[in-house]
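Novice: Got a sequence here, can you model it:
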Amino acid sequence: MRLWVVEDDDDFLRALRWRLKRTAPHVEVIQIDSPDEALRRMVAGDLPDALISDLMFRGCASGEDVILAARRRDVPSLLCSDLMEAFGPAGVIRKVRFLESPWRFMCDKSVPSLEASACA
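Specialist: Below you'll find the predicted structure:
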């Protein structure tokens, strides 16, 4: 399974890779540093099996654009942020909560942002 993580925070990526190595070793984590790069790759037809995007990036807040583009292409996706869920857009998951159990969040059918099909 190819998982794109659209994220410019190396510490978050390091923690996510460590967690997934223990709980989902078959997942290939591919870091994409910017929303622009993720959108370019999707338009070119390079799609992941699932996608996680940060909400905020240095100088811009366009993680929601990446999520919308992924969902239009039927790519299961999650939006994460350092913001508390109450202050973020609908469906955003706080990074701290996500890192507690990323594979559970990715496979949990009750999380509206990501369909369980990514876990099949």
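Novice: where does this structure dip in pLDDT?
Specialist: The chain contains residues with pLDDT under 70 at 59-61, 84-90, 108-120.
Novice: and if we set it to 90?
Specialist: The model of the chain has pLDDT under 90 over residues 8-9, 20-25, 55-64, 79-120.
Novice: buried set for the lengthiest helix in it?
Specialist: Criterion DSSP state H: the longest helix present in the chain is helix 10-23. Using 16 or more other C-beta atoms under 10 Å as the test for burial, helix 10-23 gives 12-13, 15-16, 19-20. To be clear about C-beta, it is placed using only N, CA and C from the backbone, and glycine gets the same treatment.
Novice: What lies in contact with it?
Specialist: If you take C-beta atoms under 8 Å, 6 or more residues apart in numbering as the criterion, helix 10-23 is touched by 3, 5, 7, 27, 29, 31, 52, 54, 95, 99, 101-103.
Novice: Quick one, which of those residues are buried?
Specialist: 3, 5, 7, 27, 29, 52, 54, 95, 99, 102.
Novice: Show me the beta-bridge partners of the first one.
Specialist: Going back to what we said before, that points to L3. Beta-bridge partners of L3, counted by DSSP bridges, are V29, A50.
Novice: Thank you kindly, that will do.
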